[in-house]
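generate coordinates for the sequence data below:
(chains A and B)
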Amino acid sequence: NAGVTQTPKFQVLKTGQSMTLQCAQDMNHNSMYWYRQDPGMGLRLIYYSASEGTTDKGEVPNGYNVSRLNKREFSLRLESAAPSQTSVYFCASSDPPGQNSYEQYFGPGTRLTVT
Amino acid sequence: ELKVEQNPLFLSMQEGKNYTIYCNYSTTSDRLYWYRQDPGKSLESLFVLLSNGAVKQEGRLMASLDTKARLSTLHITAAVHDLSATYFCAVVPGNTPLVFGKGTRLSVIA
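All right, here's what the predicted structure looks like:
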């Protein structure tokens, strides 16, 4: 099992460029999440998908869009990157709330720099 | 607004000493999670505490949960350098995603 995988690992963008971060999980989890991590801020939820076909905003959704392509894959898109989006992005997956331990498993992260 | 507060945010401790990290949260949550993150790495699950009074131990780390006080502790016994990392707690406010604290950066020095 690969667990949660993310691509790319590193990316540098110029302001205004767009890109899509890819995430896939092989644990048959229903729920998937995108977080960003900034120094001193912990992890902040951008968007999540409780199950295939649904997506919801988290704490910091502005400037991002998501697509739950199928049960395995959940992508995050930056339409017009801004320097404030320089961050480390983590994807995670879990069983739905109330099921099993609801423990979240994290991918290795994507380090994004916007100049 | 839900708040998850960790104390301290930075901790430098000597090898062999004991210390406790605290995680307070402002709303009802019947479960709590502790994660570890090494520099430049992802988050690794340490403990899942699923009920009031839950206590779990792994090596030199022990975590406990008091849902009435809305408090979890992560106790470090006889610290060693390998425990240097950032530790996060996270809670579940209902059927919603985890909400994380800001993390405690632990540095164990000789």
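
for the residue lying closest to residue B:65 once chain neighbours are set aside, give its distance to residue B:25.
Excluding the flanking residues, the one nearest residue B:65 by Cβ to Cβ, 6 or more residues apart in numbering or on different chains is residue B:49, at 4.0 Å. The C-beta positions use only the backbone N, C-alpha and C, and glycine is treated the same way. Going from residue B:49 to residue B:25 by Cβ to Cβ, to the nearest Å gives 12 Å.

how close does the residue nearest to residue B:65 get to residue A:30?
Distance, residue B:49 to residue A:30, by Cβ to Cβ: 23 Å.

between those two, who's got more neighbours?
Comparing residue B:49 with residue A:30 by neighbour count (other Cβ atoms under 10 Å in any protein chain shown), the higher total belongs to residue B:49, at 24 against 15.

look up which residues are beta-bridged to residue B:66.
residue B:71 (DSSP bridges).

gap between the residue nearest to residue B:98 when sequence neighbours are not counted and residue B:28?
Leaving out its chain neighbours, the residue that sits closest to residue B:98 by Cβ to Cβ, 6+ apart is residue B:90, at 4.1 Å. Between residue B:90 and residue B:28 the computed distance is 15 Å (Cβ to Cβ).

the residue most central in space within chain A pairs with what?
Among the residues of chain A, residue A:34 comes closest to the average C-alpha position under Cα atoms, centre = their mean, at 2.5 Å. Assessed by DSSP bridges, residue A:34 has beta-bridge partners residue A:47, residue A:91.

confidence-wise, which helix or strand of chain B is lowest on average?
Here the helix or strand of chain B ranked lowest by mean pLDDT, DSSP states H and E is strand B:99-100, holding a mean of 92.

name the strands paired with the helix or strand following that strand and say parallel or antiparallel.
The helix or strand immediately downstream of strand B:99-100 is strand B:104-109, counting by DSSP states H and E. With DSSP bridges as the test, strand B:104-109 is paired with strand B:10-14 (parallel), strand B:85-91 (antiparallel).
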